[in-house]
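A.B. asks: give me a 3D structure for the following:
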Amino acid sequence: MGNLKTYLMATTAAVFWGANFNLAKPVVAEMSPYVAGASRYVLAAAIMLLIAFVQQASIPLRHLKTYVTLGVVGVFGFNLFFFLGMETTSAVNGALIMALNPLLTAVLAYLIMHDKPTKRQMIAFPFGILGVAIVVLGGGARLHIAIGDFYILIANLSWALYNVLLRTMMPKGVSGVASTAGIMTVGALALSMVALLHGDHAVWPSMTTAISLIIMAVGGGVLAYLCWNASIATLGASKAAMYMNLVPVTSMLIATLAGIPPSPTQLIGALLVMGAVTYSSFSQTTTAQKDPRS
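C.D. replies: Sure, this is the predicted structure:
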């Protein structure tokens, strides 16, 4: 049951982040990427601080260096380049580039932590990436080097590094709510500072943009980070990152609800992605059962 809960949390985070690609387009159409990133995480950080206050979960200042590092890498770095990228690239291109996250995370985990992927993960990675490519290319997307794609790639690298650092740096014996609140607060302050230095002015959003921002802050921010941080602590960086393959599948499903059903080619890609995730998760369960230390 514990493993199932962990897998569900990783899946929940990936689904929310998949929706972010669809939600970000109306936001960057009205706001600058700097203001969009700051607005999203000022709201998310405020909610996390409120939750921490209600639960009486204090944020220990002795871990300030950790919160600054994780906040700059995982909140500021990722979201700044995410919104910069979504200003010019398409949702499908962004989703495809983010689908490379499991591979990037596995490489960084090996270089930094010597966390060698299992044989099943090595088999699952290319099938997951192949499925993502089929999903996106089946929709008629054309891959090309563009500034927006480059920004999303930087965001992807930031997130991969965050995944690795989170496992080694997350304070022990501290409430996950408190640590997440600390990380988000640092990220929100950094994003706000850059927006001010850039000289961008806050704008009053339309109803559609406001709703998109709220969903991105609460779902793709608060809930997703809480679920992801908890799943990373149990699964490890490279194993949890496999769930990022669900991001483009989620974007496809949202498009379906908007009246654009998937083609047979896209469905084949989605099945490959889901199969890769299931195969990787099964290998984790088997390993955990055989590990005498567990």
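
A.B. asks: contact partners for Ala29?
C.D. replies: Applying CB atoms under 8 Å, 6 or more residues apart in numbering, we find Ala29 in contact with Thr209. To be clear about C-beta, it is placed using only N, CA and C from the backbone, and glycine gets the same treatment.

A.B. asks: tell me the pLDDT of it.
C.D. replies: With respect to pLDDT, Ala29 scores 88.

A.B. asks: for Pro264, see how far away the residue nearest to Lys116 when sequence neighbours are not counted is.
C.D. replies: Spatial nearest neighbour of Lys116, chain neighbours left out: Tyr110 (6.0 Å); criterion: CB to CB, 6 or more residues apart in numbering. Here Tyr110 is placed at a distance of 37 Å from Pro264 (CB to CB, to the nearest Å).

A.B. asks: neighbour-wise, which of these two wins?
C.D. replies: Using other CB atoms under 10 Å as the criterion, Tyr110 and Pro264 rank with Tyr110 on top: 15 against 8.

A.B. asks: does the more buried one touch Gln121 like I think?
C.D. replies: No - the pair Tyr110 / Gln121 is not scored as a contact, 11.3 Å apart, by CB atoms under 8 Å.

A.B. asks: which helices and strands sit right next to whichever strand or helix holds Ala160?
C.D. replies: Using DSSP states H and E, Ala160 falls within helix 147-169. Judged by 3 or more CB pairs under 8 Å, 6 or more residues apart in numbering; DSSP states H and E, helix 147-169 is in contact with helix 64-70, helix 78-86, helix 91-98, helix 101-113, helix 224-235, helix 237-241.

A.B. asks: low-confidence regions, this structure specifically.
C.D. replies: 1-2, 92, 135-146, 237-238, 241, 260, 262, 266, 281-294 (pLDDT under 70).
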